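> Model the following, please.
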Amino acid sequence: MSFLGIDLGTGSLKVAIVDENGREQAVASVAYTLETPHAGWAEMSVQTWWRALCEAASRLPQALRSDVRAIGFSGQMHGVVLIDAAGGAVRPAMLWPDTRALGLLDAWPEPQANPVAPGMAGPLLRWIVLNEPQSVRKTRWALQPKDWLRVALGGEVLTDPSDACATALADPAGVWDTALLARLEIPRDWFAPLAPSYAAGGVLSQTAAQALGLRAGIVLATGAADTPCAALGSGLARDGDALLTTGTGGQIVVLAGQEPAAAKGLHRYRAASDHWYRMAAMQNVGIALERVRGWLSYEWPDAYREAFGEAGAIAPNGVSGDVTASAFGNASSATSGSASARADADMAHATGLTFLPYLTGERTPWLNPSARGGWLGLALDHTRGTMMRAAFEGVAFSLRAGLDAIRASGAPVTTLKLAGGGSVDARWRQLLADALDVELYAVDCPNAAPRGAAMLGGLASGHWHANDLAALAPGATRVAVPQGDTALSERYARFLDLYGRVESWFGGTAQR
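Alright, predicted model coming up:
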């Protein structure tokens, strides 16, 4: 008996099969690229997701697929998929990096229980109401990405609190805000009924079963957003347990038994279990580093080598069986003496260079969708290695700014579990430990979000119960300890100072 987890991410779709004891048996993923038909737009054809799912499933051993008894779902947060009464997509899905609704945020009354960003379903749907009457006429349901996928597989039209509460259209518990919907002129009947993340949400259709090589009629769990799925898959179970996920964006999550108090720049959302969590959400992690790598014409091994200087192997629990590279690529452990010496010089020169990574605006802590990125301090002796090193540091500093907001809210985080595609290189991990001033523990399951989704499938089918979750938590290995790098701390202070000086220059103002 086994369970399939599907993680519908921003840059890839990943599937994982876990056995009846929660152990990962197989994993595969297929990457895709955001569509940007206009400046500031971030969209995706749902057919791209469907093809990715079919391809990823085909890479799993058929014998394991035949043994799957339930499916759980994890999905990128905030975005929205409009479908008609027959289940067909009305238009491409609109996703969280989208900024077209930036000018509409003033329609949300203050105070709001959570920060409102332009790439959330609420502002995007308000934009649809104002600009695409043809889409309004055709729309029957406005679904979150993972809910669209479950419906496409034959499931019921449902959503769960962890996704609903992150739309900017519901309260922190995930209950739809009818008064707000009326204020925004968004039809209330577009929104799916709520069900627990671990509840059964239908069964796999015959058509979908044939496409995926699975048994028809197996249980489909309602599922949850990717961050709470990653927390579940990583074994977060007690108040104060904390997780850092790094992929396209980055999140720092701290579990809570009760609803956390509101804090500027932080989100308080429902978990996949019956817990809550507070979250710092940083938009520009893998997406910024990948763009910089392209600008500088690097292959990933060279980018790591010239940015970090010393040879560094992929850490032992790297995604060794995955079919795609991580959001940060794969770094080779081999380096020549000349390349290492050049990289050491690049690291030294990077001390005078600062990189702001805010290519898509930023949420925590600045709440400024107009923020932008770039290097300041370039000199003639700088190299592309210097620029790459500064980019790694700038992303790490943006994560530190988010962690500082969490600490200021009363959560004294000193250790973080680490999950996500960008977390596998030892040199990157050490930089994170130093920049964040935390001990890092790599979860001994590199695919936390699809594992969490698979666990929801096991719960929905009745194989597991809530009191089994603690025993299913994977082990975690300490992989980095802060070294008290005072020079890095000084560069972080310079980073904060630079953002404060240029914030007004971006042309927009921070949002609520």
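> mind listing what's buried in stretch 49-59?
The neighbour-count check on stretch 49-59 (16 or more other Cβ atoms under 10 Å) flags 49-50, 52-53, 56-57 as buried. From N, CA and C alone the C-beta is placed, and that goes for glycine too.
> Same check on stretch 404-412?
404-406, 409, 411.
> List just the nearest of those to residue 116.
residue 405 (16.6 Å; Cβ to Cβ).
> measure the closest one to residue 280 for me?
Using Cβ to Cβ, to the nearest Å, one gets 6 Å for the distance from residue 405 to residue 280.
> Same check on residue 128?
Plainly put, residue 128 is 29 Å away from residue 280 if you go by Cβ to Cβ.
> The two - which one has more neighbours?
Legend: neighbour count by other Cβ atoms under 10 Å for residue 128 and residue 280, higher for residue 280 (28 against 23).
> The more buried one and residue 366 touch, don't they?
No: between residue 280 and residue 366 there is no contact, the gap being 11.2 Å when judged by Cβ atoms under 8 Å.
> Please enumerate the shared neighbours of those two.
Residues touching both residue 280 and residue 366 (Cβ atoms under 8 Å, 6 or more residues apart in numbering): residue 265.
> surely residue 263 meets residue 256?
No: if you go by Cβ under 8 Å, residue 263 and residue 256 don't touch, sitting 11.9 Å apart.
> Which residues are in contact with each of those two?
Taking Cβ under 8 Å, 6+ apart as the criterion, residue 263 and residue 256 both touch residue 278.
> mind listing what's buried in stretch 106-114?
In stretch 106-114, counting by 16+ other Cβ under 10 Å, buried: 107-108, 112-114.
> Send me stretch 455-467 as CSV with only the CA atoms.
What follows is stretch 455-467, C-alpha atoms only, in CSV (Å, rounded to 0.1, in the frame of the first residue of the first chain):
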residue,chain,number,x,y,z
MET,A,455,0.4,12.0,3.9
LEU,A,456,-2.8,13.9,3.4
GLY,A,457,-3.8,11.2,1.0
GLY,A,458,-3.1,8.6,3.7
LEU,A,459,-5.2,10.6,6.2
ALA,A,460,-8.1,11.0,3.8
SER,A,461,-8.1,7.2,3.0
GLY,A,462,-8.2,6.4,6.8
HIS,A,463,-4.8,4.7,6.8
TRP,A,464,-3.4,7.3,9.1
HIS,A,465,-4.9,9.4,11.8
ALA,A,466,-3.9,12.8,13.3
ASN,A,467,-2.2,11.1,16.3
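> Need the residues that contact that stretch.
Contacts of stretch 455-467 (Cβ under 8 Å, 6+ apart): 1, 3-5, 18, 20, 22, 69-73, 197-201, 218-224, 229, 232-233, 272-274, 469, 472.
> again, 7 Å this time
Contact partners of stretch 455-467, identified using Cβ atoms under 7 Å, 6 or more residues apart in numbering, comprise 1, 3-5, 20, 22, 69-72, 197-200, 219, 221, 223-224, 232-233, 272-273, 472.
> taking those residues one by one, which sit in helices?
Among the contacts of stretch 455-467, the members found in helices (DSSP state H) are 232-233, 472.
> how long is stretch 430-445 from one end to the other?
Using Cα to Cα, to the nearest Å, one end of stretch 430-445 lies 19 Å from the other.
> Can you list the buried residues in it?
430-438, 440-443, 445.
> Name the single longest helix found in the protein.
Using DSSP H, we find that the single longest helix of the chain is helix 384-408.
> Take the next helix or strand after that helix, keep the C-alpha atoms, and write them as PDB.
Beyond helix 384-408 on the C-terminal side, the first helix or strand identified by DSSP states H and E is strand 415-419. The C-alpha coordinates for strand 415-419 follow below in PDB (Å, rounded to 0.1, in the frame of the first residue of the first chain):
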ATOM      1  CA  THR A 415      17.100  26.700  14.600                       C
ATOM      2  CA  LEU A 416      15.400  26.100  11.300                       C
ATOM      3  CA  LYS A 417      14.600  22.900   9.400                       C
ATOM      4  CA  LEU A 418      15.500  23.300   5.800                       C
ATOM      5  CA  ALA A 419      13.500  22.100   2.800                       C
END
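> All set now, cheers.
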